[in-house]
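Engineer: With the input below, show me the fold.
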Amino acid sequence: MKITAFVDKIIDGFSRNATVNVHAAVVKEMNDTTIPVLETFIEYVESDSRAKKVISGFGKDFVTRLGRGGKGEFYDRILAAMNANVAQAGDVEDLIAKLIPKDADAQSLDGRAANLVQYVEILGFTNRYMRHLLLSFTQDITKAIKGPDFKQGLTESQLKGLQTNMSAFATAISVLETAASGVDRAIKNIPEFNVALTDIDAMVAANGAAKMDPLGTSGFFSADWNPILAVRMLYEDRIIANYEGAKEDRQALEYRIQALKDSKDGTTNPRLEETINYHTGRLKEVNKKIEKYEASVKEPSK
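Structural biologist: Below is the predicted model:
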């Protein structure tokens with residue numbers, strides 16, 4: 001997304017403090033829920049060739065969109081990118097304090113700060129998309145191997161979002177792979193300019209796209225993406241709702257993966273399936289709650 005369009009989207013609800021809080025919340029979600037359950041999923045699919053085959057089509061398509069490079073399967077690249085970005089969370093927080101004035105609003109952001117804020121938003125998108133993707137994978141796997149009957153934990157719009165935002169997810173992972181070598185190193189050479197008052201096309205022509213957008217954030221666009229930092233005071237409520245949803249995602253996924261492991265050995269556990277359906281029901285309710293927050297985000301007036 002062009003940096004001027006991004007700044008326009010966050011004009012109604014922005015501050016340095018909000019950026020720090022959102023980044024910290026996203027990193028906590030990623031550390032506490034997304035990374036652990038992704039690791040558990042990888043361990044499972046590496047031990048079951050049937051499961052690996054089910055997700056191979058997605059993997060080929062995803063790598064085509066992402067571009068060659070990295071090591072291992074597509075999920076290894078995603079995990080490595082997430083771990084690398086979580087590891088530099090403290091440095092990113094210091095950078096936010098350094099580049100964004102305490103009383104800044106979106107219209108006063110310079111190019112480095114705007115790129116940094118866009119990175120934070122992309123990190124949040126990646127986090128949620130990955131967990132939803134894992135929920136979809138477990139659904140697909142159990143159907144293919146005639147395993148336990150899982151109820152759907154995602155809403156219709158979330159299922160649609162997995163399809164419409166696949167390219168955005170590939171771009172997001174590309175951004176995280178670039179950022180893995182250091183967000184500070186990537187954006188420190190961006191020229192100083194006020195985003196709202198600058199002819200960005202002219203700046204790109206003069207300085208080159210790589211210098212103006214070193215992380216590649218301008219390539220990110222999600223069809224149904226609502227920036228967390230555009231929700232005015234609601235962002236605090238959304239942080240809480242998102243984390244509640246993240247915990248339910250992890251709980252539901254861990255039980256699902258255990259049931260798939262059991263079915264591989266030819267065993268069934270009715271109590272476990274009952275527990276899965278209970279958590280899946282809770283997950284769907286939380287997802288509906290999050291969608292209500294997202295629906296409350298209004299486009300800023302022009």
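Engineer: which element is the residue nearest to residue 6 when sequence neighbours are not counted on?
Structural biologist: Excluding the flanking residues, the one nearest residue 6 by CB to CB, 6 or more residues apart in numbering is residue 118, at 5.3 Å. All C-beta spots, glycine's among them, are computed from the backbone N, C-alpha and C. Secondary-structure element containing residue 118, defined by DSSP states H and E: helix 111-144.
Engineer: That helix: what's the following helix or strand?
Structural biologist: helix 156-164.
Engineer: Please state the offset of that next one from the chain centre?
Structural biologist: In this view, helix 156-164 has its centroid 14 Å away from the chain centroid, taken as CA atoms, centre = their mean, to the nearest Å.
Engineer: Go through that helix and flag the buried ones.
Structural biologist: For helix 156-164, the buried set under the neighbour-count rule, 16 or more other CB atoms under 10 Å, comprises 158, 161, 162.
Engineer: what comes into contact with that helix?
Structural biologist: Contact with helix 156-164 is made by 129, 132, 133, 136, 152, 154, 222, 223, 224, 287, 291, as judged by CB atoms under 8 Å, 6 or more residues apart in numbering.
Engineer: on that earlier part again, let's have the buried residues of helix 156-164 in TSV, adding distance to residue 79.
Structural biologist: What follows is the buried residues of helix 156-164, written out as TSV (distance: CB to CB, whole Å):
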residue	distance to residue 79
158	22
161	22
162	19
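Engineer: could I get those as CSV with distance to residue 177 and pLDDT?
Structural biologist: As requested, the buried residues of helix 156-164 are exported to CSV (distance: CB to CB, whole Å; pLDDT from 0 to 100):
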residue, distance to residue 177, pLDDT
158, 25, 86
161, 22, 89
162, 21, 93
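Engineer: in the chain, which spans are helices?
Structural biologist: Using DSSP state H, the helices of the chain run over 3-9, 16-29, 35-47, 49-66, 74-87, 89-99, 111-144, 156-164, 166-179, 183-187, 200-207, 209-212, 234-264, 270-295.
Engineer: can you redo those as CSV with distance to residue 228?
Structural biologist: Listed next are the helices of the chain as CSV, based on distance: least, CB to CB, whole Å:
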stretch, distance to residue 228
helix 3-9, 11
helix 16-29, 5
helix 35-47, 20
helix 49-66, 24
helix 74-87, 17
helix 89-99, 14
helix 111-144, 6
helix 156-164, 16
helix 166-179, 14
helix 183-187, 18
helix 200-207, 23
helix 209-212, 24
helix 234-264, 6
helix 270-295, 9
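Engineer: Considering those helices, which stretch scores lowest in mean pLDDT?
Structural biologist: Per-segment confidence across those bottoms out at helix 270-295, which has a mean of 71 in mean pLDDT.
Engineer: So which elements touch it?
Structural biologist: Under the contact criterion of 3 or more CB pairs under 8 Å, 6 or more residues apart in numbering; DSSP states H and E, helix 270-295 touches helix 156-164, helix 234-264.
Engineer: angle of the shortest one against helix 49-66?
Structural biologist: Inter-element angle recorded for helix 156-164 and helix 49-66: 60 degrees (by axes from the mean of the first three to the mean of the last three CA atoms, to 10 degrees).
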